[in-house]
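Undergrad: coords below, sequence missing:
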Ligand SMILES: NC(=O)C1=CN([C@@H]2O[C@H](COP(=O)(O)OP(=O)(O)OC[C@H]3O[C@@H](n4cnc5c(N)ncnc54)[C@H](O)[C@@H]3O)[C@@H](O)[C@H]2O)C=CC1
Ligand SMILES: O=C([O-])CC(=O)C(=O)O
C-alpha cells in the first residue's frame, strides 16, 4: 500500500506520523513550502529505530514521489483563525484543492481520495467535479471528527467511557451540522433517553462549536490531533477493507431525498472507498434539519462557480 498526504502542516504531518507508526503502508508527504515535507519526513524516519516501523516515508515538493498511491489525503490549504468561519476559507482553498487533485490524479489514477481541507463539504464536491471520479472514490472528513467531539463531551457530562459512545453527527461540517440524539448511543442506550432536552441541546451546541472552541484556544490555527486521528480511522477502514460504518462527507444522489450535494451521512468504507451510504430512518424533524444543512452547503457550492 502507498498513501499520499498532501499538506505537511499540522493535520498532514500529524497524520503522516500516525500512519507511519501503524506500519501498514509507504507514505509520501507533499507540500508547496520547500524543506517542510523533507524535514518532517526525515525527522519521522529517525523514529523508526525506536518505534520499529519498516515502511518508507518520503517528503517532497514534487508529486513524482506520490505516483501509484492507493489513497490520497488532501490537507493542503489554509486554516482559520479566531473569529473566522470555515466558509471564509473557500476562495483560497478552492484554488489549492483544484490544483492538488489534478496533480495527484495525474500520477495516481486509481486512488481513493479523502478530503480534509475546509470548507470540507464544498471542497469534496469540487474535488469530485475536477476529477470526474465516481462518488465512491472521493469523500471528506466530517462526522468522524464531530462525532468524536460529541463522544468526548458525553463522556465528560454523563461520566461514561468515550469508547462506549456511538455518536451520530450528520450534515455540514459547519454551523448547520446536526447532532442526532436518537441515533447516538451509550452502551446501546440512546442519548435521547439518557439526557434531558436541555442537556442534549447543550451537548449539541458544544459539538457544533467544537472546532471554533479549539481555534479560540490555539489562536494561530485549528485542531489537528483529533482530526488526524479521525482521518487515520477512515484510512484504516479503506486499507483493511473493513466495511466499518462511520459518518463522512459524501455525494448524495437521492439518499435522504437529497441530490447533487455533499453532506455528512453514515457510510461503510472499504477498499474501493464508499461501499454503501446508510439511510437512517429519520423522522420529519430530523430530516428537515438535514435538508436545512444541505441548503447551507448548496450556497457554498454555488459560490464555487463550477
Ligand atoms: N474537515 C475537517 O474536519 C478538518 C479540516 N481541517 C482543514 O484542513 C486544512 C489544513 O489544516 P492544518 O493542517 O491545520 O493547516 P496548516 O496551515 O498547518 O497546514 C496546511 C499546509 O498546506 C500547505 N499547502 C498550502 N497550499 C498548498 C498546495 N498548493 N499544495 C500543497 N500544500 C499546500 C501549507 O504549506 C501548509 O503546510 C485547513 O483547511 C483546515 O481548515 C482541519 C481540521 C479538521
Ligand atoms: O475548526 C476548524 O476550522 C478546523 C475543523 O474543521 C475542525 O477542527 O473541526
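TA: Arrived safely. From a predicted model like this one, the values you see are computed outputs, not experimental measurements. Ligands and ions are numbered 1, 2, ... in the order given.

Undergrad: Whatever residue of the stretch 201-306 of the chain ends up closest to ligand 1: neighbour count?
TA: Residue of the stretch 201-306 of the chain nearest ligand 1, by Cβ to the nearest ligand atom: residue 227 (3.6 Å). Backbone N, C-alpha and C define where each C-beta goes, glycine included. Counted by other Cβ atoms under 10 Å, the residues lying close to residue 227 total 22.

Undergrad: Which secondary structure state does residue 37 sit in?
TA: Each residue gets one of three states, and residue 37 gets helix by DSSP: H, G, I helix; E, B strand; the rest coil.

Undergrad: Tell me the spacing between the closest residue to it other than its chain neighbours and residue 69.
TA: Nearest in space to residue 37, with sequence neighbours left out and distances taken as Cβ to Cβ, 6 or more residues apart in numbering, is residue 59 at 3.4 Å. Distance, residue 59 to residue 69, by Cβ to Cβ, to the nearest Å: 15 Å.

Undergrad: Residues of the stretch 101-250 of the chain that sit close to ligand 2?
TA: Counting by Cβ under 6 Å from any ligand atom, the positions of the stretch 101-250 of the chain adjacent to ligand 2 are 118, 145, 173, 211, 214-215, 222-223, 227.

Undergrad: Name the nearest of those relative to residue 260.
TA: Of all those, residue 260 sits closest to residue 173, with 18.2 Å by Cβ to Cβ.

Undergrad: ok, which residues in the stretch 201-306 of the chain are in contact with ligand 1?
TA: So the stretch 201-306 of the chain meets ligand 1 at 221-224, 227 (Cβ under 6 Å from any ligand atom).

Undergrad: Sort out which of the residues you listed are buried, if you could.
TA: Buried residues within these, defined by neighbour count using 16 or more other Cβ atoms under 10 Å: 222-224, 227.

Undergrad: These in strands, which ones?
TA: Per DSSP state E, strands hold no members of these.

Undergrad: Just flag the most distant two among the residues you listed.
TA: Farthest pair in those, by Cβ to Cβ: 222 and 227, 8.0 Å.

Undergrad: Great, nothing more from me.
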